[in-house]
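Asker: Generate coordinates for the sequence data below:
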Amino acid sequence: MQFSTDESVSLLSRLIANRCVNDGTPDSGQEVRNADTIEEYLDGSGVEVTRVEPHPGRVSVIFTVKGEDPDASPLSLLGHTDVVPADPARWSRDPFSGEVADGVVWGRGAIDMLNLTSAMAVVTKRIAERDRPPAADLVFAAVADEEAGSRFGVGWIEQNRPELLPWDNAITESGGAHIPAGHAPTAGPVVTVTVGEKGGLPHRIVVRTASGHASMPYGVDNAAVLIAEAVVRIARHRTPTQLDDSWRTLVRAHGFDERTERALLDARTIDDHLHVFGSASRFAHAVSHLTITPTILHSGEKSNVIPGAGQVDLDIRQLSGQSADDVDRELRVALGDIGDRFDIVHLGSGNPSSSSTDTRLYRSLQNAVDTEFPGATTVPVLTGGGTDARFVRKRGGNAYGFALFEPDWSIGRYRTLFHGEDEHIDINSLMRTTRALGHVVTDFLAPESARSSQQERTSA
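Answerer: As a prediction, the model looks like this:
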């Protein structure tokens, strides 16, 4: 399957320039712009097109390439088209220019995840234009609102129009970074594939006190002071670890010395050794701990009034086996002797989810990695954030985060650019991702006879 670099780069650049910024409010995003761009790109290729618009401008488009065998397992490609806000003052380039310079595409969404969404569109077009259709359906969903919980995207489709997507097998974001060669115990590259994600339990803690004139603060409980103290205590609190099989796999894949490995696999010593992951230490902490992060604070309305109320929103991500009750207890422990002053409000819930590595789709992902990097090792990992994969797993399907970057894209480099300044992707990684995705789709949707022949050649 041949791919044009100019075609892939141009599409990604256009998607970035469409500025589909999702700030969490219903009227933001306006993914209709990227939906129109992708639909225009695929026009004439023979794909079936279905559009949904749960809210004005929040458009998702489902493109289907029909397969020959109605009983064969279909494959869904889930690519979100929205991006998070970007502050131009903190970037060295215009975050929405889609500028191409020195072999790099710059802009918000270049990593999260317009690069993969554009690759999905390009691969879908090639599959649709082939003389013979695939054995099973290929469904590419260019979806809205992933960055704000998918209430107008895959989440809405799953609840209201589930017949639009096959939920058996899906590929989405958050894979393809490398474990640095200096750490990896194998001779070839070590590439990550995301097989699961933490859950989300957003909370708000609220305190109420008597207000008064700010010129007389003596003896007054100031809600702003209490909320500030709560934030400091939560930030300093050491949250519980969960050292499960996925963590052990990640640690051992790095090939640390025996003493370091032992420390990282012990809940009593892990926190003092996370620095050995270097630029990936934040990621390593996230996938091994319950995380409680203060994000939005509010207290007071006027500068000369002592506030009588304060609140802080908390982004909380829990691992498998950690319940909402566990989180509430942990918050009380963190707050200590001021805990009784606060009300705890639950803002939502989402369960952790994961998919097995013993599936045909995961083997197709491994084959694609090995095709691009012969002798490579594929390592299954968790992601600390949420993706649309959780809706597939909720329906009982398998879902994986996949892409394929050049070897200098370590986990730390990759994860740092998510929602970060100067987000970018090199063209070589964009094309490698496109080729690898093409391998996966071709392999997974091949007729049974072709897969059997391939397996025999591989065994030989």
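Asker: which stretches of the protein have low pLDDT?
Answerer: Where the chain drops to pLDDT under 70, the residues are 181-187, 449-460.
Asker: And for it, the residue most distant from the center?
Answerer: Within the chain, the residue lying farthest from the chain centre (C-alpha atoms, centre = their mean) is residue 216, at 48.8 Å.
Asker: tell me the contacts of it?
Answerer: If you count contacts by C-beta atoms under 8 Å, 6 or more residues apart in numbering, residue 216 has none. The way it works is simple: take the backbone N, C-alpha and C, and place the C-beta from them, glycine included.
Asker: Number the residues from 56 up from this point.
Answerer: Okay, residue one is now 56; in that scheme the one you just asked about reads as residue 271.
Asker: separation between it and residue 263?
Answerer: Distance, residue 271 to residue 263, using C-beta to C-beta, to the nearest Å: 20 Å.
Asker: can you pull the contacts of the closest residue to residue 222 other than its chain neighbours?
Answerer: The shortest distance from residue 222 to any non-neighbouring residue, by C-beta to C-beta, 6 or more residues apart in numbering, is to residue 450 (3.7 Å). Contact partners of residue 450, counting by C-beta under 8 Å, 6+ apart, are 213, 217, 222.
Asker: Show residues contacting stretch 58-71.
Answerer: 89, 92-93, 96, 136, 138, 151-155, 160, 162-165, 169-170, 172-174, 176-177, 181, 480, 482, 485-486, 489-490, 493.
Asker: Narrow those to those in strands?
Answerer: Using DSSP state E, the members of the contacts of stretch 58-71 that fall in strands are 155, 160, 480.
Asker: Now which of these would you call buried?
Answerer: Buried members of those, counted by 16 or more other C-beta atoms under 10 Å: 155, 160, 480.
Asker: ok, back up a step: could you single out the nearest of the contacts of residue 450 to residue 100?
Answerer: The closest of these to residue 100 turns out to be residue 222 (C-beta to C-beta; 24.3 Å).
Asker: what about the helices in this protein?
Answerer: For the chain, the helices defined by DSSP state H occupy 60-72, 87-97, 169-184, 209-215, 278-291, 300-308, 313-319, 336-341, 379-390, 415-427, 444-449, 466-472, 482-499, 503-514.
Asker: Let's have these in JSON lines, adding mean neighbour count and distance to residue 438.
Answerer: Conversion of these to JSON lines gives the following (neighbours: other C-beta atoms under 10 Å; distance: least, C-beta to C-beta, whole Å):
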{"stretch": "helix 60-72", "mean neighbour count": "19", "distance to residue 438": "22"}
{"stretch": "helix 87-97", "mean neighbour count": "20", "distance to residue 438": "23"}
{"stretch": "helix 169-184", "mean neighbour count": "25", "distance to residue 438": "14"}
{"stretch": "helix 209-215", "mean neighbour count": "19", "distance to residue 438": "16"}
{"stretch": "helix 278-291", "mean neighbour count": "17", "distance to residue 438": "22"}
{"stretch": "helix 300-308", "mean neighbour count": "18", "distance to residue 438": "10"}
{"stretch": "helix 313-319", "mean neighbour count": "15", "distance to residue 438": "19"}
{"stretch": "helix 336-341", "mean neighbour count": "19", "distance to residue 438": "8"}
{"stretch": "helix 379-390", "mean neighbour count": "16", "distance to residue 438": "19"}
{"stretch": "helix 415-427", "mean neighbour count": "20", "distance to residue 438": "15"}
{"stretch": "helix 444-449", "mean neighbour count": "23", "distance to residue 438": "9"}
{"stretch": "helix 466-472", "mean neighbour count": "20", "distance to residue 438": "9"}
{"stretch": "helix 482-499", "mean neighbour count": "22", "distance to residue 438": "17"}
{"stretch": "helix 503-514", "mean neighbour count": "11", "distance to residue 438": "29"}
